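# curious how this folds, go ahead:
(one chain, ligands or ions: 1)
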Amino acid sequence: MKFRKFHMFFRKNLMRRESTQPIMGQQNLGSLESVRQRYQTIKHPTMKLVLTVQDQILTSLREFLRKKGFIEILAPIIGPATDPGIRGAKQVTIQYYDTPFKVMSSMILYKQMMISSFDKVFALSPNIRLEPLESAKTGRHLVEFRQIDLEMVHATYNEAMHLAEALLLSVVREVMENCYEELEGLGRDLRELNPPFPRLTHKEAVERLRSKGHVVSYVEEIPWDAEVALSSMHQCAFFIYDYPLVSRGFYDREDPNRPGILRDFDMLYPEGFGEAISGGEREHTYTGVLKRMKLTGIDPAEYEWYLQMLKEGVPHSVGFGIGVERLTRWICGLKTIWEAVPFPKVPGIVSP
Ligand code: ASN
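Predicted structure coming up:
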C-alpha cells in the first residue's frame, strides 16, 4: 500500500514535470537528436531512473566480484597494442610522443599481464571502437563504452560461464530488490532468471538460425542481426560456446583435443537484446599465439611487449567482459543503447 502511494506520487510528479517543463528532445530519448542535445535530454526524468539503476548495477557487479575473491585494478587507457578481435570495428591510434599508441579497444592483453601477480582481477574498463557508420541504426552500438573485464588464473571456460551466470543472477536480484520504483517508472517488467541458462554450441546456434532462413556461416562469428533474431527466440539469457578457430582473436584458446574449435563463449540477453558477454580461455604460449597471428594475418611486430611477456611465461587463464551499457539497456528494457549512458558516443554522431 505504502509503495503504491509513493508510486502514484512519483508518476504524477513525473508527468507534471514533463508537461510544465518541456525540454527539447526529451519526447524521444531513443532519437539521435537526444544524443546531440545531451545537455537538455540529461534532465529528462527517465534518464534519472536509468542512471539510478545503473548505479545499483555497478555496485552489485563490484560487490559480487569482491565476494568471489576478485581484486579491482585500474584499467589502462592507452598502450602500444590493444585487442584486435573487435568484430569489424576500427582501433584508434594517437601519437604518444614519437610512438603511435592505441586507445584500448579492450584490455585483454593487460589482463593476462596482471594474472601473473593476482589470481582473480577485474576492472571497469573504458574502451573505444570506431564501429561502422551503419551501426548507428542498430541502436546497439556505442563508440565509447565500458565493460567490467575480468580474468582468473587456471580456470576453465565452463567455470567462467558458471561465474557469468551467477553474476547476472545476482545483479538482477539486487536491482529488483533495490530499484523497484525505478523499474516501475520505466515500465520494465524484469523477471528473475532461471538457471542453468541454456547453452548452444556455435554449430547448434548456426543450425537453428539456418532452419529459420538466416544466412549464417559455420566458420564465422554470428552477425549482429542473426544474434538479435536468436536472442528474440529466448526468454532467458543463454550461452553460445565453442566458436570456430578464425572467428575470434588470437588470444582465445583452441581446444587441444578438438582442432578448429575454441574454448570460448558469448552470453546473450533474451528478448532480442543480443550480446551481453564475450570471453574464453587464453592461448598463452608464445608459439601458440604466433601461429594464431599468422593464421589471422596479424603482424607480430605490433605486439612486441605482449609476445616478449609470453616468451617469459604467463599462467593459463580464462576471462570475460560484460558491457555495462548493454547490461543497463537490457535491465531497464530500453529501445537504444544511448539511453543507457550519460554521454553517449554514437557512430558518426557529433555529441558532447
Ligand atoms: N573482454 C573480452 C574477453 O575477456 C575481450 C573483448 O572485449 N573482446 O575475452
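# contacts, neighbours, all on C-alpha from now
OK.
# wait, a strand at Phe145?
Yes - looking at Phe145 with DSSP: H, G, I helix; E, B strand; the rest coil, it is inside a strand.
# what about the residue nearest to it when sequence neighbours are not counted, which SS state?
Sequence neighbours aside, Asn127 is the residue nearest to Phe145 in space, at 5.5 Å (criterion: CA to CA, 6 or more residues apart in numbering). Using three-state DSSP, the structure places Asn127 in strand.
# run a quick neighbour tally on Asn127.
Using other CA atoms under 10 Å, Asn127 has 22 other residues around it.
# same question, the one 5 residues further on
Other residues within reach of Pro132 by the criterion other CA under 10 Å amount to 14.
# how about Ala164?
Neighbours around Ala164, by other CA under 10 Å: 21.
# pull the residues that contact stretch 103-114.
For stretch 103-114, the surrounding residues in contact (CA atoms under 8 Å, 6 or more residues apart in numbering) are 75-79, 81-84, 86, 91-94, 121, 125-129, 149-151, 306, 309, 314, 317.
# please redo it, this time with the cut-off set to 7 Å
76-79, 82-83, 91-93, 127-129, 151 (CA atoms under 7 Å, 6 or more residues apart in numbering).
# likewise stretch 214-227?
With CA under 7 Å, 6+ apart as the criterion, stretch 214-227 contacts Lys203, Val206, Arg210, Pro244, Ser247, Gly274.
# which of those residues sits closest to Gln54?
Comparing the contacts of stretch 214-227 against Gln54 with CA to CA picks out Gly274 as the nearest, at 18.7 Å.
# partner residues bridging the closest one?
Beta bridges link Gly274 to Tyr269 when assigned by DSSP bridges.
# where does this protein dip in pLDDT?
Filtered on pLDDT under 70, the chain yields the residue ranges 1-27.
# how many residues are close by Val153?
Neighbourhood size, Val153 [other CA under 10 Å]: 22.
# what are the phi and psi values at it?
Main-chain dihedrals, Val153, degrees, to the nearest 10: phi -80, psi 150.
# show me the contacts for it.
Ile115, Asp119, Lys120, Pro315, His316, Ser317, Val318 are the contacts of Val153 under CA under 7 Å, 6+ apart.
# check the contacts of stretch 214-227 and tell me the two furthest apart.
Pro244 and Gly274 (19.5 Å).
# assign Thr59 to helix, strand or coil.
Classification of Thr59 by three-state DSSP places it in helix.
# from now on call the first residue 22
Sure, I'll start numbering at 22, so the last one becomes Thr80.
# from Ala185, how far off is it?
Going from Thr80 to Ala185 by CA to CA, to the nearest Å gives 16 Å.
# repeat for Met135
Per CA to CA, Met135 is found 20 Å from Ala185.
# quick revisit: which of the contacts of stretch 235-248 are buried?
Lys224, Val227, Pro265, Ser268, Gly295 (16 or more other CA atoms under 10 Å).
# now the second one: which helix or strand?
It refers to Val227. According to DSSP states H and E, Val227 maps onto helix 223-232.
# buried ones in whatever helix or strand comes next after that helix, by neighbour count?
Scanning forward in sequence from helix 223-232 by DSSP H and E, the next helix or strand is helix 245-253. Across helix 245-253, burial judged by 16+ other CA under 10 Å covers Ala247, Glu248, Val249, Ala250, Leu251, Ser252, Ser253.
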